[in-house]
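In: Got a predicted structure plus its sequence, pasted below:
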2 protein chains.
Amino acid sequence: MVSGAILSDIKLAAELSPRTQRAIAEKAVQVDYMPGIELYQQGDPPSPLHMLLTGRVKLYRQSRDRCQILALPANGDSIGAESLPTGGTSPYAATTLTQVRALVISTVDLQVLLDELPDFQEAFLRLITERLKQFVTLVHDLAFRDVTSRLAMVLVARAEVEGRPQDGGVLFDRLLSQQEYADVVGTAREVVYRTFKRFEDDGLVSMTRRHILIRDLDTLRSIGQQESR
Amino acid sequence: MVSGAILSDIKLAAELSPRTQRAIAEKAVQVDYMPGIELYQQGDPPSPLHMLLTGRVKLYRQSRDRCQILALPANGDSIGAESLPTGGTSPYAATTLTQVRALVISTVDLQVLLDELPDFQEAFLRLITERLKQFVTLVHDLAFRDVTSRLAMVLVARAEVEGRPQDGGVLFDRLLSQQEYADVVGTAREVVYRTFKRFEDDGLVSMTRRHILIRDLDTLRSIGQQESR
DNA sequence: ACCCCGTTGTGACCCAAGTCACAAATTGGT
DNA sequence: ACCAATTTGTGACTTGGGTCACAACGGGGT
């Protein structure tokens, strides 16, 4: 049981009727996670719903020693329970990248909400539809863009989401290691290193261990938009 | 308005209450399409819902002269209207490969069904969830499997869906050109040719212009399952 | 019977990006 | 302050598969 006020921070719940919001607030539990915690794994039975308040999470698939990150949800996004409607297993895993605070609703309670509140079911449908579109975009990018272009896209996206204007550029926290950037764009760590080096040599970005400063967002964006293959 | 009986052939509608089925049957119109007709394009406003009775369709994304096929829905599958819940634009295009017979429901009527019949909305949610899972699998395959493995998978899948046992193997119609196989697995036509040639030289398949005969389904399946990269 | 156009067959060549094998730098834990 | 574990830096080498350029084939239409 949480205070109803924080639901306005959650896209899934923000537009719903007061009655529905109250029902959600009654079922939700606020939970804090340390970085590196697996919220759920691919192949698990339907997981609880996690509505993210603060912190960052990665959604990903794994195979042996390789990993493909599917999405990096941020505050206000909701994850989990993707396979509840079909009763199958979770198609991907979720792990915290930073400390994370989330509102959690068990599958049982979630099912009750879906069954009893049509406007909640509709909002949940919108959520899944939105994610469907994200994945189609991901397939598009993997199919039509090369590694350089995809890496540029990721940098631009991160700059737009959490960048702060700084002397002659946009600054944001590192958050991901080279390996994780590689996992996002589906390539090898060394390739990320070489590509970032090229970006730095061309004066597009400056990277320190903790921060990334985008010096020329426009050029980077145009690299990210070309579909070279 | 169509006869309610054929709804049992449509996964989306088969399990629904008689009342809901009647409502669907009232709104649906049966339509026939020639091969090569675009049912809807990527970027279009939400399209009508198409419930496929006979024939085959491809869902795909395009960029310049390249094309990535996302799925090959068959009889009983429903496509279209993926972006109705969010009111965005269609994330992909759909074109008929063969002659196609489908039940079509306009977006307006579909919205009414979704709003008034909770069990229909639930079924629609299951549909979208199912497709979400398909796309995650597609990303997985693009990320972790090489072209040879992906082509083997496609052949196995097609054999399982519409193969008929034949002397020492499984036979099915060609349906796709080399170029379209290339679009399915995200590669170039020449690569498809070379890979198929290798499969033939190894005695795994025999291809004629109109048919494909799988001679060694087990080996092909094991090639399709290895995640080499 | 002929022509056009889409599909298939095939070699030569090329390059983005994956792999390997290290060294060096950080960082976190005790 | 020190050590182990992680992350980063970098060159050398390999390769899957993309590109190009044609020839040949086949099928449908008139």
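Out: Sure thing, it's come through.

In: Going along the chain, name the strands of chain A.
Out: A:29-33, A:38-40, A:49-54, A:57-63, A:66-71, A:78-79, A:93-96, A:100-105, A:164-166, A:169-173, A:205-207, A:211-214 (DSSP state E).

In: The last one pairs with which strands, parallel or anti?
Out: Note on strand A:211-214: by DSSP bridges, its sheet partners are strand A:169-173 (antiparallel), strand A:205-207 (antiparallel).

In: mind listing what's buried in the shortest one?
Out: By neighbour count with 16 or more other Cβ atoms under 10 Å in any protein chain shown, strand A:205-207 contains the buried residues A:205, A:207. All C-beta spots, glycine's among them, are computed from the backbone N, C-alpha and C.

In: How far away from the center of its chain is it?
Out: Remark: strand A:205-207 is offset 23 Å from the chain centroid, using Cα atoms, centre = their mean, to the nearest Å.

In: swap in stretch A:116-133?
Out: So, by Cα atoms, centre = their mean, the centroid of stretch A:116-133 is 17 Å from its chain's centroid.

In: ok, now stretch A:85-95?
Out: 15 Å.

In: picking that back up, with distance to DNA strand D added, can I get the strands of chain A in a markdown table?
Out: Formatted as a markdown table, those follow (distance: least, Cβ to the nearest atom of the strand, whole Å):
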| stretch | distance to DNA strand D |
| --- | --- |
| strand A:29-33 | 17 |
| strand A:38-40 | 15 |
| strand A:49-54 | 21 |
| strand A:57-63 | 13 |
| strand A:66-71 | 12 |
| strand A:78-79 | 22 |
| strand A:93-96 | 12 |
| strand A:100-105 | 17 |
| strand A:164-166 | 20 |
| strand A:169-173 | 12 |
| strand A:205-207 | 7 |
| strand A:211-214 | 10 |
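
In: Reformat these as CSV; add distance to A:Asp141.
Out: What follows is the strands of chain A, written out as CSV (distance: least, Cβ to Cβ, whole Å):
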stretch, distance to A:Asp141
strand A:29-33, 29
strand A:38-40, 25
strand A:49-54, 23
strand A:57-63, 16
strand A:66-71, 12
strand A:78-79, 20
strand A:93-96, 21
strand A:100-105, 26
strand A:164-166, 26
strand A:169-173, 21
strand A:205-207, 20
strand A:211-214, 19
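
In: Would you mind giving those strands as TSV with mean pLDDT added?
Out: Output for the strands of chain A, formatted as TSV (pLDDT from 0 to 100):
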stretch	mean pLDDT
strand A:29-33	95
strand A:38-40	94
strand A:49-54	97
strand A:57-63	94
strand A:66-71	95
strand A:78-79	97
strand A:93-96	95
strand A:100-105	96
strand A:164-166	90
strand A:169-173	93
strand A:205-207	94
strand A:211-214	95
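
In: Mind checking the strands paired with strand A:211-214 for the one nearest to A:Gln179?
Out: Of all the strands paired with strand A:211-214, it is strand A:205-207 that lies closest to A:Gln179, at 14.7 Å by Cβ to Cβ.

In: Just confirm yes or no for that closest one near DNA strand C.
Out: No - Strand A:205-207 does not reach DNA strand C (Cβ under 7 Å from any atom of the strand); its nearest approach is 11.8 Å.

In: How about the contacts made by A:Arg19?
Out: A:Leu117 (Cβ atoms under 8 Å, 6 or more residues apart in numbering or on different chains).

In: Give me the pLDDT value at it.
Out: At A:Arg19, the predicted lDDT confidence score is 95.

In: which residues in chain A form helices?
Out: Here chain A has its helices, by DSSP state H, at A:11-14, A:18-27, A:107-116, A:118-144, A:147-162, A:178-185, A:189-201, A:217-225.

In: Take those helices and lay them out in a markdown table including distance to DNA strand D.
Out: What follows is the helices of chain A, written out as a markdown table (distance: least, Cβ to the nearest atom of the strand, whole Å):
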| stretch | distance to DNA strand D |
| --- | --- |
| helix A:11-14 | 30 |
| helix A:18-27 | 35 |
| helix A:107-116 | 32 |
| helix A:118-144 | 10 |
| helix A:147-162 | 13 |
| helix A:178-185 | 3 |
| helix A:189-201 | 4 |
| helix A:217-225 | 18 |
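
In: which helices and strands does the worst-scoring helix or strand of chain A on mean pLDDT pack with?
Out: Least confident helix or strand, chain A: strand A:164-166 with a mean of 90, by mean pLDDT, DSSP states H and E. Applying 3 or more Cβ pairs under 8 Å, 6 or more residues apart in numbering or on different chains; DSSP states H and E, we find strand A:164-166 packed against strand A:169-173.

In: hmm, try it at 7 Å
Out: The helices and strands touching strand A:164-166, judged by 3 or more Cβ pairs under 7 Å, 6 or more residues apart in numbering or on different chains; DSSP states H and E, number zero.

In: Show me how far it is from its chain's centre.
Out: Per Cα atoms, centre = their mean, the centroid offset for strand A:164-166 relative to its chain is 22 Å.

In: Just checking: what are the partner strands of that strand?
Out: Here, using DSSP bridges, strand A:164-166 pairs with strand A:169-173 (antiparallel).

In: relative orientation of the strand it pairs with and helix A:147-162 in degrees?
Out: Strand A:169-173 and helix A:147-162 are oriented at 80 degrees to each other (axes from the mean of the first three to the mean of the last three Cα atoms, to 10 degrees).

In: Pull out the buried positions in strand A:169-173.
Out: For strand A:169-173, by 16+ other Cβ under 10 Å, it's A:169-172.

In: same deal with stretch A:184-196?
Out: A:184-187, A:191-192, A:195-196.

In: Same question for stretch A:102-118.
Out: Buried residues in stretch A:102-118 (16+ other Cβ under 10 Å): A:102-105, A:107, A:109-110, A:113-114, A:117-118.
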